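# got a predicted structure here, sequence first:
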Amino acid sequence: LMNRDGFFVLPTSETLKAAIKEASLTLPNPDEDWSGIIDKVVNQPGENSYPITSFSFIILRKTYDPVKAELVKEFFGWVLTEGEKPENVLEGYVPLPPEAAQIGLKALEMIKEV
């Protein structure tokens, strides 16, 4: 498949990582507008970037009761740290770049208890 820069690339772990690395540099903060995100993650520049790449997104509330808040923070905290280790990433997927994981962790810090 020809990418944005005119190079033909295969869908490998390396070409996926190259694409999401570029995309992660343009992601907004958790509390900013994410409505145009698809334009920021698909067809990234770079000789080795695979053009059809995206992130999975999770929408969380800003407030939870104390028990749910703790569980949400604990679970998604694991997903964004331990879950990103190579032994925990399913075949055909690649771990998030640290920049993207940091945005998720920042979002967890914003969760308030009610």
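Ah, there it is.

# from the contact counts, what lies against the helix or strand harbouring Trp78?
According to DSSP states H and E, Trp78 maps onto helix 66-80. In terms of contacts (3 or more C-beta pairs under 8 Å, 6 or more residues apart in numbering; DSSP states H and E), helix 66-80 is packed against helix 98-109, strand 112-113. For glycine as for every other residue, the C-beta is placed from the backbone atoms N, C-alpha and C.

# and for the helix or strand bottoming out on mean pLDDT in the chain, what's in contact with it?
Across the helices and strands of the chain, the lowest-confidence element by mean pLDDT, DSSP states H and E is helix 37-41, at a mean of 81. For helix 37-41, the external contacting residues (C-beta atoms under 8 Å, 6 or more residues apart in numbering) are Ala19, Ile20, Ala23, Thr26, Leu27, Pro28, Thr53, Ser54, Phe55, Phe57.

# look up how far Asp5 lies from the closest residue to the fourth one other than its chain neighbours.
Pointing back at Thr26 there. Excluding its sequence neighbours, the residue lying closest to Thr26 (C-beta to C-beta, 6 or more residues apart in numbering) is Lys40, at 4.7 Å. To Asp5, Lys40 is 17 Å away according to C-beta to C-beta, to the nearest Å.
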